[in-house]
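# Give me coordinates for this.
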Amino acid sequence: MLLPMGQIFQEMTAEKLRLSLVILSVAWATVCISSMLAIGEGIRQGVMRTAKSGAGNLIYVAGGIATVDYGTFYPGKSLTLKVEDIKVIKALPDVKNVAPTATWEDPITANGRVYWLSALAISNDFASIVDLPELETGRWLSRLDHEKQRKVVVLGYSVASFLFNPEDDFSWFEPLTLQANPIGKTIKLGSEEFTVIGVFKKSSAWIERGYQSIDESSFVPLTTWQRFHANGDINGINVEPQVNTDRKKLAKTIRQVITRKHGASVRDNEVIQVKDMYLEQKSMQQFLIGLQGFLGIIGFIALAVAGVGIANVMYGTVKRSTRDIGVRMAVGATPTAVRLHYLVQSLITMMLGGVLGLGATYVLVSSISTIDLIGIDIYEQLGKPAPELSWLVVTIVITCLVVIGVASAWLPANFAAKVSPQEALLREY
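You can find the predicted model right below:
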């Protein structure tokens, strides 16, 4: 069955003014839906990039507060983790590696400035299981630093900028940029002097169950901390599960083992805090997909409104072409052929508007991507998102265009297919 493409284009040319306006409205609606989806995709990719970096694949174990009266525990009593708990967790068969952390509670001072966030004491395995950013300058803590309990520190980018930038360069309202080289210089943790051996590059990654930014952190060897805090409490334990481990089951096992070791009730879900960062990512991803879907719905509504315009043009075309439709049916055209005639006309209109809209969206997305937003906190915390006109977004847009194109032409096409040849030929204009 051959479609009369010449006649289709002739009819479209006859409606060129109205059809041009409809094509522009489809192009605008395409820009709306594709840009909404591209922005949503960019935010989703950026946030997931941030979530996966740092401690994004780990299970974080920390002490909590008892809510059940059991043994020496009573509601309100805290359970704090000890260094001995590390061996207990590491002995579990589903655990690949562990990295405990502790807080050096004394303030960080240098050049007469006091930094607000305490330094983090970490084990030698910390870097092997946590996705740390690259170093801006200097080096990372070595095995010898841990073994010899050296008083050395690696600073986050914001910490180094705050402590060592020149006084006249500081501003509460401008993003911090490192203007000095802190390597070899000293800071104080309380009364103890530490030598700066490394500074991280800017990073949006988070550690310590997502409560602490690497940019705002300082790292010292755990063994050095133990040297000055004998029998001290540790903050938490980062746990790296074995591949293909049932993470929920492992988290439950860790909770039960540590709870029993400390003599608390295994029925108390608050006495030990176990947070799976990987499962948190999945929940976040579902939320972001929902957000992207919401943005897509807004764009789809704009596209549906443009579809109403196509339906109006199609109805007008069918009414003016009733006699021609009758002639075609009288010489053998089937209702299906007539129906396809107007469906194809609608799809061509949608295609023209869609191509214009996608082209405009590509230019828009490319222009936005060239804007320099480095240094803006919210931008960096979201993982430096950029609108992304991915093949998935393009496929969704094309699918929506086809669906709206068919839906908007379906009633006019059916109306045309039901025209009686006898009545059409007798109708006068």
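
# and stretch 220-239, average pLDDT?
Rounded to a whole number, the mean pLDDT of stretch 220-239 is 90.

# Flag every buried residue along that stretch.
Residues of stretch 220-239 classed as buried by neighbour count (16 or more other CB atoms under 10 Å): 220-226, 229, 232, 234-239. (Glycine included, C-beta is placed from N, CA and C.)

# same check, this time on stretch 353-373
In stretch 353-373, counting by 16+ other CB under 10 Å, buried: 353-354, 356-358, 360-361, 364-365.

# Quick one: the helices in this structure, in order.
Listed in chain order, the helices of the chain (DSSP state H) span 5-14, 16-52, 84-90, 126-129, 143-147, 157-164, 222-228, 247-262, 277-320, 322-330, 335-369, 377-381, 391-417, 421-426.

# Using CSV, lay out those helices together with distance to E208.
Shown next, in CSV, are the helices of the chain (distance: least, CB to CB, whole Å):
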stretch, distance to E208
helix 5-14, 63
helix 16-52, 14
helix 84-90, 16
helix 126-129, 11
helix 143-147, 19
helix 157-164, 15
helix 222-228, 14
helix 247-262, 17
helix 277-320, 10
helix 322-330, 72
helix 335-369, 32
helix 377-381, 16
helix 391-417, 34
helix 421-426, 77
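
# any low-confidence regions in the protein?
When residues are selected by pLDDT under 70, those of the chain lie in 1-12, 14-15, 47-56, 168-175, 209-211, 320-323, 325, 373-383, 419-429.

# Which parts of it belong to which domain?
Structural domains of the chain, as assigned by automatic domain parsing, span the residue ranges 5-53+282-426, 59-277.

# chain center to the first one, what's the gap?
If I follow you right, that is domain 5-53+282-426. Domain 5-53+282-426 has its average C-alpha position 26 Å from the chain's average C-alpha position, going by CA atoms, centre = their mean, to the nearest Å.

# repeat for the longest one
Distance of domain 59-277 from its chain centroid, counting by CA atoms, centre = their mean, is 25 Å.

# check contacts around the closest residue to I368 other than its chain neighbours.
Closest residue to I368 apart from its sequence neighbours, by CB to CB, 6 or more residues apart in numbering: P387 at 5.4 Å. P387 makes contacts with 35, 38-39, 41-42, 364-365, 368-369, as judged by CB atoms under 8 Å, 6 or more residues apart in numbering.

# could I get these as TSV with distance to K261?
As requested, those are arranged in TSV below (distance: CB to CB, whole Å):
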residue	distance to K261
S35	55
A38	51
I39	49
E41	46
G42	46
L364	58
V365	54
I368	53
S369	52
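
# Tell me which two in those are the farthest apart.
Across these, no pair lies farther apart than E41 and L364, at 14.0 Å, counting by CB to CB.

# Name the nearest residue to I398, ignoring sequence neighbours.
In space, I398 comes closest to G354 once its chain neighbours are excluded; the distance is 6.8 Å by CB to CB, 6+ apart.

# Was I right to think that neighbour contacts A29?
No - taking contacts as CB atoms under 8 Å, G354 lies outside contact range of A29: 9.2 Å.

# what sits against S161?
With contact taken as CB under 8 Å, 6+ apart, S161 is in contact with 176-179.

# Closest one of those residues to F126?
With CB to CB as the yardstick, the closest approach to F126 among the contacts of S161 comes from L178, at 22.9 Å.

# Tell me how far the closest one lies from L343.
When CB to CB, to the nearest Å is applied, the distance between L178 and L343 equals 62 Å.

# and what of G190?
78 Å.

# neighbour-wise, which of these two wins?
Neighbours around G190 and L343, counted as other CB atoms under 10 Å, are more numerous at L343. The numbers are 20 against 12.

# how near is the more buried one to A409?
According to CB to CB, L343 stands 5 Å off from A409.

# same check, this time on N124
Using CB to CB, one gets 68 Å for the distance from N124 to A409.

# just to revisit the earlier point, okay, the helices of the chain, which one's buried deepest?
helix 157-164 (a mean of 24; mean count of other CB atoms under 10 Å).

# Now that one - C-alpha only, PDB.
Listed in PDB are the C-alpha atoms of helix 157-164, where the atom choice follows Å, rounded to 0.1, in the frame of the first residue of the first chain:
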ATOM      1  CA  TYR A 157      41.700  21.500  50.300                       C
ATOM      2  CA  SER A 158      39.400  23.800  52.400                       C
ATOM      3  CA  VAL A 159      41.400  23.200  55.600                       C
ATOM      4  CA  ALA A 160      44.700  24.000  53.900                       C
ATOM      5  CA  SER A 161      43.300  27.100  52.300                       C
ATOM      6  CA  PHE A 162      41.800  28.400  55.500                       C
ATOM      7  CA  LEU A 163      44.900  27.800  57.600                       C
ATOM      8  CA  PHE A 164      47.600  28.900  55.200                       C
END
